[in-house]
Structures are given as structure tokens and as C-alpha cells.
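Asker: Sequence unavailable; structure follows:
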Ligand SMILES: Nc1ncnc2c1ncn2[C@@H]1O[C@H](COP(=O)(O)OP(=O)(O)OP(=O)(O)O)[C@@H](O)[C@H]1O
């Protein structure tokens, strides 16, 4: 297990930053290319990611997530504002800023002829980790690749490669780990394994920032979620607060007969009739009660054979906050 020494039960030195990542007025304008004009990818982002957090960054395609991560990783120059990692500004103190993060990129880029052990050793060398301080075997063990330590990378499955990328990002024991869409294309079982490891790292003190299109996972995994759209912050709240913000549920009914139109008794509600015997009624639980809907239907003479409800999830909130500009991945729920 990878523990950040100052956060694993040992009293923290007083000078540890309260925020692992802090952005103030972060702006990025890409210069015009060809016929395309300048692109305002980040429009003054303010964001504070508390030390120890497991933080989710969500946004539709082109929202500016990769730009933000690439600025933190030192791969893209910002146009304005400040970006601090572990208290170190990325352009004023790039060496310390880069030493403070590990980045797992979207793309799986690895030499197929290297073994996992060689890859981690090489990466540790690039970060100047002295041989005696390297944790190659510990890291391989932590990501479940101890038995593949000396196999060629080309013989690893996609999920194994992804886990190797996480180990590679951790060779210098950074206090902040950034995962850019780490589960894209990874099957459900391997995704679970990866998330388990990310949770373990987080419990041991590593602050984790991840971007994902799998909104249910962000809901399940992250304590705080920020949503960006068109380079602007749309929301940044504890996951539970964000979930409470949407006051929307659906009552799904199976009826005892076919209908051709929504019943007049439900004129005050948004009603769908996906099949002649199935009614979906959307309502706001804070203002309306399910029994009022059911009673109105029964009073109109309709028989109800079965009832279920659908809760709102992050997808709904996301669609609401970004005005439906979602990129189209992930799940869709009806509520
Ligand atoms: N090198 C570049 N030159 C010009 N425009 C760019 C460049 N990189 C990104 N952009 C533009 O900046 C905007 C933000 O892109 P970015 O890749 O940060 O979004 P994203 O949220 O990561 O999207 P995705 O989920 O698709 O990865 C987009 O409109 C994109 O086309």
C-alpha cells in the first residue's frame, strides 16, 4: 500500500497545505490555428481541492478538463491566473509542483517490450528517486501485478496496463494523484479493482483528482464533485449536497388496461406513455406526494398493477446544470 508519510497516522507537520490543489482565476486561451479563431478553454476557474479529498471533475466533451489537468501536469502553459499543487505554483516552482503530482493519462502509452518492473524503475530514475528508496516491488504488489513483474508489457491485458499506469504515476510517492478518465474502455470487473486501489491510496492519505464520464462512479467514489462546462465552473459541492439539489423523481406505473393518451386526472404533471400500459409521471418530492398521484388515478377508474420509482442521479443533475450539453457517455436515467 502506498502511504503518504505525513498522512498515515504520523502527526502532520504544521506547514502542510490545506488544499492539495488550488486554482485562482485560471485562464487558458489557445492561439488561433488555421481558420479557427482563439479558443477560450478555461475562463477564470477558481477551485480548491482539500488535502485528502477524493475529488471528481466532470464535464462534457470539450469542457476544459484535459486543459486543466495538462496545466497542472506542466504540459500546457496557462494564459492567466494561478495553479498551485501542494502549495507550489506550476510556473513559479515547476520542479516542486511536478514532484507533488502523479498523472495517469487517458492514453495507454507504454513500450510493449519493457516489463512492468523495468518501466517503474525507468520512471523512478526519471524522477531522480535513489535506488535504495525505490518501491518497485511494493507498487507492483499494490496494483496486483507482482506475478507479471517480468512479463513483456504487450502480454498484459488492458486492465493490467491501466493499473501499471497508476503504479507508474506513484513511483515518486506524490501526495496528489490525477487520473484522467482512467476507466475508459476498462471492463466492469477491472474498473472495480482499479477503484478499490484508488480508494486504498486515498485512505492512506493521497489526494485524488479524477475526471470521468462514468457519472455513477463519481457519485459512488468521490466525496466532492466539480462540474465544468465551456471552461466555466458550473458546480462544486460535496457529492451528497449536489445530489440533494435535484428535486425530481419518476413514478412508473403498470396499468390494468391500454391507454391512448395521458389520463386527464394527471393534467398538472409531466406524464409519458412509453407503452399503452405503462405510465411514467415526473414529480418533485418536496412539493408533491406520490399518494396524491396514485389516488387521482384510482379515482379516475384506472387500476394500477405495479409501481416503481426512479431516483434522480448525477446524470440528471449534470444535464440540468449544463443545459443538456452532455457528451453522451455514461448512463441515462429517467427521473
Ligand atoms: N491544442 C489546442 N489548440 C486549440 N484548441 C484546443 C487545444 N486543446 C484543446 N482545445 C480546445 O479547448 C477546449 C477544451 O478542450 P479540453 O480537451 O480541455 O476539454 P475536455 O473537457 O478535456 O474534453 P474531453 O472530455 O473531450 O477530453 C475544446 O474546445 C478544445 O477543442
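Answerer: Yes, it's here. Bear in mind that the values here come from a model prediction, so they are computed numbers and not experimental data.
Asker: Run through who's touching stretch 147-158.
Answerer: Residues outside stretch 147-158 that contact it (Cβ atoms under 8 Å, 6 or more residues apart in numbering): 108, 110-117, 119, 136-137, 140, 145, 160-161, 164, 185-186, 190. Where you see a C-beta, it was placed from the backbone N, CA and C, and this is true even at glycine.
Asker: let's see 7 Å
Answerer: Contacting residues not belonging to stretch 147-158 are listed as 110-117, 119, 140, 160-161, 164, 185-186 [Cβ atoms under 7 Å, 6 or more residues apart in numbering].
Asker: buried ones in it?
Answerer: By neighbour count, with 16 or more other Cβ atoms under 10 Å as the criterion, the buried positions of stretch 147-158 are 148, 153, 156.
Asker: ditto for stretch 251-258
Answerer: Within stretch 251-258, the residues scored as buried using 16+ other Cβ under 10 Å are 251, 252, 253, 255.
Asker: Looking at the residues you listed, which are in helices?
Answerer: The helices, defined by DSSP state H, take in nothing from the buried residues of stretch 251-258.
Asker: Need phi/psi at residue 295.
Answerer: Main-chain torsions, residue 295, degrees, to the nearest 10: phi -60, psi -40.
Asker: max-length helix in this protein?
Answerer: Of all the segments assigned as helix in the chain under DSSP H, the longest by residue count is helix 188-203.
Asker: Show me what counts as buried in it.
Answerer: Using 16+ other Cβ under 10 Å as the burial criterion, the residues of helix 188-203 that qualify are 190, 191, 193, 194, 195, 197, 198, 201, 202.
Asker: what's the following helix or strand after that helix?
Answerer: Following helix 188-203 in sequence order, the next helix or strand is strand 207-211 (DSSP states H and E).
Asker: on that earlier part again, show me which of the buried residues of stretch 251-258 is closest to the ligand.
Answerer: Of all those, the one sitting nearest the ligand is residue 252; the distance, using Cβ to the nearest ligand atom, is 31.9 Å.
Asker: show me the contacts for that closest one.
Answerer: For residue 252, the residues meeting the contact criterion (Cβ under 7 Å, 6+ apart) are 278, 280, 308, 309, 310.
Asker: Mind listing the residues bridging to it?
Answerer: Counting by DSSP bridges, residue 252 is bridged to residue 280, residue 308.
Asker: near the ligand, which residues of the stretch 51-200 of the chain show up?
Answerer: In this structure, the stretch 51-200 of the chain approaches the ligand at residues 59, 61, 62, 63, 64, 65, 66, 67, judged by Cβ under 6 Å from any ligand atom.
Asker: Any quick ChimeraX command for the buried ones out of those?
Answerer: Taking 16+ other Cβ under 10 Å as the burial criterion, the selection of buried members of these in ChimeraX is written as:
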select :59,63,64,65,66,67
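Asker: Point me to the residue sitting farthest from the middle of the protein.
Answerer: The outermost residue of the chain, judged by C-alpha distance from the chain's mean C-alpha position using Cα atoms, centre = their mean, is residue 301 at 47.2 Å.
Asker: Cool, thanks, talk later.
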